[in-house]
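Chemist: Quick one, what's the 3D model for this:
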Amino acid sequence: MQNLWVFLFRNRAFFWFLAFEFLSFILIFRYNPYQGGLYLNTSNRIVGGILERKAQIVSYLNLQNTNQSLAEENAQLRNQLKSSQYPLNPVHKTVKNTEYNQEYTYMVAKVVNNSTTRRDNYFTLDKGRLAGVTTGSGVIFPKGVIGVVKDISDHYCTVLSILHKDSHISVRIRHTKNFGSLVWDGYNSQILTVKEIPIYVDVKKGDTIETSGFSLFPEGIAIGTVISGASHNGESGLTIQVKLLADLNNLDQVYIVGDKFSTEKIQLETNSTTEK
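Modeler: Here you go, the predicted model:
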């Protein structure tokens, strides 16, 4: 404490100067309109800039929560789409207000692990058995299909990526409705191949490839665009190259698609195969 008083006493001239300087500025800004207005404008601009920067920082820190909320809201909206519903009265097409029953459900999940550089790729989600995830559920991204649930634990699930040699997704050309199978050749994670397109189909560069509705996904989900003309190569159908809309290297929030009728369909198809 004594050292503080000694310091203040030795530098008293400097501190008196600061005090008088501060007092002079107060008098100038208070009794001179021009200087006062200049001070207010400057101070408001500085304070406004500080508050704006603070708001940006707070907004950035809350970005994850915001993204989660938006993803959950999108899942609810997807649940309400007609492509997620099953018509209860499909025969009476002329009847207004046709009743529908929920067929597809959407659950938000976060990617906690991912691979795209191997021949057989998987990724892991933070939802599992306790959240209601079942084996065979489809997984989509806002820009397309990305895989199928393979293994499940209580809190996590692994997904067989479309970048896997065993992945075969039923797709179609949007403008012709002709079907094919989406597969990966193991090289470029952005380029996949559609095989088994009928030979007579006129496939053009830029055509949209979407889900057919024959597999685990609702129909009409855009997956990619054709980047090259179709080739025959002695096979039974055409082969086309497709550039994905989604970048599988930057996955974060995804949707697990549940088909409420999948068990019934699988059982029926299994019985039909057994009878043959």
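Chemist: Confirm that residue 9 sits in a helix.
Modeler: Yes. With DSSP: H, G, I helix; E, B strand; the rest coil as the criterion, residue 9 is part of a helix.
Chemist: So what's the residue count around it?
Modeler: 9 (other C-beta atoms under 10 Å). Where you see a C-beta, it was placed from the backbone N, CA and C, and this is true even at glycine.
Chemist: Then residue 17?
Modeler: 11.
Chemist: for it, phi and psi?
Modeler: Note on residue 17: its backbone torsions stand at phi -60, psi -50 [degrees, to the nearest 10].
Chemist: wait, doesn't residue 168 sit right on residue 181?
Modeler: Yes. Counting by C-beta atoms under 8 Å, residue 168 does reach residue 181; the two are 5.0 Å apart.
Chemist: so for stretch 149-169, what's the average pLDDT?
Modeler: Stretch 149-169 carries an average pLDDT of 92.
Chemist: Number the chain from 820, please
Modeler: All right, first residue 820 from here; so that's stretch 968-988.
Chemist: Pull out the buried positions in it.
Modeler: For stretch 968-988, the neighbour count (16 or more other C-beta atoms under 10 Å) marks 968-969, 971, 975-983, 986-988 as buried.
Chemist: hmm, which two among these are most spread apart?
Modeler: 975 and 987 (24.6 Å; C-beta to C-beta).
Chemist: buried stuff in stretch 1008-1025?
Modeler: Within stretch 1008-1025, the residues that count as buried by 16+ other C-beta under 10 Å are 1008, 1009, 1011, 1013, 1015, 1016, 1020, 1022.
Chemist: Using JSON lines, lay out those together with secondary structure, distance to residue 937 and pLDDT.
Modeler: JSON lines is the format used below for these (DSSP: H, G, I helix; E, B strand; the rest coil; distance: C-beta to C-beta, whole Å; pLDDT from 0 to 100):
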{"residue": "1008", "secondary structure": "coil", "distance to residue 937": "10", "pLDDT": "91"}
{"residue": "1009", "secondary structure": "coil", "distance to residue 937": "15", "pLDDT": "92"}
{"residue": "1011", "secondary structure": "strand", "distance to residue 937": "15", "pLDDT": "94"}
{"residue": "1013", "secondary structure": "strand", "distance to residue 937": "22", "pLDDT": "92"}
{"residue": "1015", "secondary structure": "strand", "distance to residue 937": "25", "pLDDT": "88"}
{"residue": "1016", "secondary structure": "strand", "distance to residue 937": "28", "pLDDT": "89"}
{"residue": "1020", "secondary structure": "coil", "distance to residue 937": "33", "pLDDT": "87"}
{"residue": "1022", "secondary structure": "coil", "distance to residue 937": "30", "pLDDT": "88"}
